[in-house]
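J.: Mind looking at a prediction? Sequence and model below.
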Amino acid sequence: MSNVYKVAVLVGSLRKQSLNRKVALALAELAPANLQLNIIEIGDLPLYNEDIDVTPPAAYGQFRQQISAADAVLFVTPEYNRSVPAALKNAIDVGSRPYGKSAWSGKPGAVISVSPGAVGGFGANHHLRQSLVFLNVPCMQQPEAYLGGAGSAFDESGKLSEATRPFLQGFISAYGQWIEQQKKV
């Protein structure tokens, strides 16, 4: 019998009806029984500033605790200027401090980039993976997940298209298996 792993999901887009949020919610519905996905909100985190971290804002402490309590982390991100959105980078920075007490360290991670464009957020996906190496977040290498043309992944009512479902199902199932492997190491 598999354990149930708590997965902190960070959505790089702040819009409530963003394609990235819709994908994150779809992944939560498609997740295998060994994963419990929970979106951790990042939009209200103050910009990271070491000066204010001397007496951290309550939002920093709450965010760090949520990441620390998770068994794994999943990043769902759009691409802004060939990188991740500022809010997601800020969340990464907040969780990585204070130095030597990173909430990210050792948590199995995965990245899926979501874009209405044809490239599917390739630049953001790989730029984020560079940061995860430094943060000691072992990141699932395969399957890579880029969802291009994401505007057609959902119908007018917000329901996931049958054409997209197998791709997301395959990704989240592989992630569940990969977390199991990482936790046994």
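T.: Looks like it arrived, so ask away. Note that the structure is a prediction, hence the values are computed from the model and not measured. Residues are numbered from 1 along each chain as shown.
J.: so what's the spatially most central residue of the chain closest to, chain neighbours aside?
T.: The residue lying closest to the centre of the chain (CA atoms, centre = their mean) is Phe75, at 1.4 Å. Distances taken as CB to CB, 6 or more residues apart in numbering place Val111 nearest to Phe75, at 4.7 Å, with adjacent residues excluded. In this view, the C-beta of every residue, glycine as well, is placed from N, C-alpha and C.
J.: Please report how far that neighbour lies from Asp53.
T.: For Val111, the distance to Asp53 equals 26 Å [CB to CB, to the nearest Å].
J.: do the same with Leu14
T.: The value you get for Leu14 to Asp53, if CB to CB is used, is 22 Å.
J.: Ok, Ile92 next?
T.: 14 Å.
J.: more crowded one of the two?
T.: Ile92 (24 against 14; other CB atoms under 10 Å).
J.: what sits against Tyr80?
T.: By CB atoms under 8 Å, 6 or more residues apart in numbering, the residues touching Tyr80 are 86, 124.
J.: Let's see the pLDDT reported for it.
T.: pLDDT for Tyr80: 91.
J.: Beta-bridge partners for it, please?
T.: Ser83 (DSSP bridges).
J.: so Leu88 is in which element?
T.: Following DSSP states H and E, one finds Leu88 within helix 86-95.
J.: Following the chain onward from that helix, which element is next?
T.: Following helix 86-95 in sequence, per DSSP H and E, is strand 109-114.
J.: helices or strands next to that following strand in the packing?
T.: Applying 3 or more CB pairs under 8 Å, 6 or more residues apart in numbering; DSSP states H and E, one finds that strand 109-114 contacts helix 19-30, strand 72-77, helix 122-134, strand 146-147, helix 165-184.
J.: With Ser157 as the reference, name the closest of the ones you listed.
T.: Ranking those by proximity to Ser157 (CB to CB) places helix 19-30 first, at 11.4 Å.
J.: centre of the chain versus the closest one, how much separation?
T.: Centroid separation between helix 19-30 and its chain, computed with CA atoms, centre = their mean, to the nearest Å, is 11 Å.
J.: buried residues in that helix?
T.: Within helix 19-30, the residues scored as buried using 16 or more other CB atoms under 10 Å are 19-28, 30.
J.: Also stretch 46-54?
T.: Across stretch 46-54, burial judged by 16+ other CB under 10 Å covers Tyr48.
J.: pull the CA atoms of that stretch into CSV?
T.: Extracted C-alpha coordinates of stretch 46-54, given in CSV (Å, rounded to 0.1, in the frame of the first residue of the first chain):
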residue,chain,number,x,y,z
PRO,A,46,5.5,40.6,0.1
LEU,A,47,8.5,40.9,-2.1
TYR,A,48,11.4,39.2,-0.5
ASN,A,49,13.6,41.6,1.3
GLU,A,50,16.3,40.5,3.8
ASP,A,51,15.8,43.6,5.8
ILE,A,52,12.1,42.8,6.6
ASP,A,53,13.0,39.1,7.1
VAL,A,54,14.7,40.1,10.4
